[in-house]
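Student: Fold the following for me, if possible:
(chains A and B)
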2 protein chains.
Amino acid sequence: MVEAILSAALERVERGGEDDVPLQEIANRAGVGIGSLYDYFRDRRSVLAALAAKMTEDNLRAFEALLIETEPLPLPESIERIVDFAFATYATNKQVPRGILKIAHSLGLMPTLAKSQSVFTESLATSLRRRKDITHPNIELAAWTVTQATMGVVHALIWEDQPTHEREALRADLVTLCSKHLLA
Amino acid sequence: MVEAILSAALERVERGGEDDVPLQEIANRAGVGIGSLYDYFRDRRSVLAALAAKMTEDNLRAFEALLIETEPLPLPESIERIVDFAFATYATNKQVPRGILKIAHSLGLMPTLAKSQSVFTESLATSLRRRKDITHPNIELAAWTVTQATMGVVHALIWEDQPTHEREALRADLVTLCSKHLLA
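Tutor: Alright, predicted model coming up:
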């Protein structure tokens, strides 16, 4: 039931309706009564906070699976796959991340999102520690820096209306930047 | 008069009051009549949009002055000064950037902010082109990437409530990341 409610909320965000998400409409779309919705969620904020948390968790699980898959590859190829994952997840259909960011800012969820982003940096650090090819002296710190650098690029892609560079060129440049940093 | 109104609006944002900025109170603080305020600004949105634009312009001017000042320095020292500027401007008193970001998201100004961020990347590219020590084959692209990488780190600092790394350590790591990328 929670799953259905969150799917309905996500659908609404995808249609660009993050400003006004009437719980009655969410309940209708999810095929549940409004009373049942209130059994699980106190208010609009708690539905949207749960949606942001669920998306973050799903992304983290996908990211961790990708890390395991790419560990046997040479570093630049792993980084390439990770950058592709970040672009595909956050910078392809911009409507969703734009909506989630709007919601997160208006509901005061940004510190929570920043905290979960640091969980991504820890997963990356754990994976990098298992590799043999990293030469950066402080893997935790380097994982943090390249993750934030990548998210900085992703953030620019989410919000720019007119691309300033070809996606392919900046993908290659970001891969180089991250690889060189880890092979310090 | 416009200056006084925007200063009063900024003061309000600094006190964390970005959710509700009553124009009457802004006018009072600025020492102008509400009628005069409406001579310059249509509504709350236009006051806050003008505030965001003014802050971006002021930061851009300061950034360009810094670039001229640091051009004679070796690249890592220049980058160090630029990173310090970014940290001081956006990640020291977090209340202001948090407030401005909240406003920008709720008023739909993020694409405009992204566009002005790309002006910073162009100023940096112009300065890097005048230097003799850059070896990256595509200066425009590299300037874009290192700027977004730096803003990604700054963004994390703005929103994290508990620091995950010492500020000094990640400053050094970010300087290394940018310098190495430009000296490709």
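
Student: check which helix or strand covers residue A:49.
Tutor: In this assignment (DSSP states H and E), residue A:49 forms part of helix A:44-70.

Student: by contact count, what packs against that helix?
Tutor: helix A:2-14, helix A:23-30, helix A:75-90, helix A:95-106, helix A:110-130 (3 or more C-beta pairs under 8 Å, 6 or more residues apart in numbering or on different chains; DSSP states H and E). No exception for glycine: its C-beta is placed from N, CA and C like everyone else's.

Student: ok, residue A:165 touching residue B:142?
Tutor: No. When contacts are counted by C-beta atoms under 8 Å, residue A:165 is not listed as touching residue B:142 (10.5 Å).

Student: These two: who's more crowded?
Tutor: Set side by side, residue A:165 and residue B:142 show more neighbours around residue B:142, with 25 against 19, by other C-beta atoms under 10 Å in any protein chain shown.

Student: roughly how far apart are that one and chain A?
Tutor: 7 Å (C-beta to the nearest C-beta, to the nearest Å).

Student: pretty sure that residue contacts residue B:128?
Tutor: Yes. Between residue B:142 and residue B:128 there is a contact under C-beta under 8 Å: 7.5 Å.

Student: hey, what's in contact with both of those two?
Tutor: Counting by C-beta atoms under 8 Å, 6 or more residues apart in numbering or on different chains, the common neighbours of residue B:142 and residue B:128 are B:134, B:182.

Student: Could you report the neighbour count for the residue in chain A that chain B sits nearest to?
Tutor: Nearest residue of chain A to chain B: residue A:152, at 2.0 Å (C-beta to the nearest C-beta). As a burial measure, residue A:152 scores 24 neighbours (other C-beta under 10 Å).

Student: Pop the domain breakdown of chain A in here.
Tutor: A:1-41, A:52-182 (automatic domain parsing).

Student: Quick check: end-to-end length of the last one?
Tutor: So the one you mean is domain A:52-182. End-to-end distance of domain A:52-182 (C-alpha to C-alpha, to the nearest Å): 30 Å.

Student: swap in the shortest one?
Tutor: Here the two ends of domain A:1-41 are set 11 Å apart, with distance taken as C-alpha to C-alpha.
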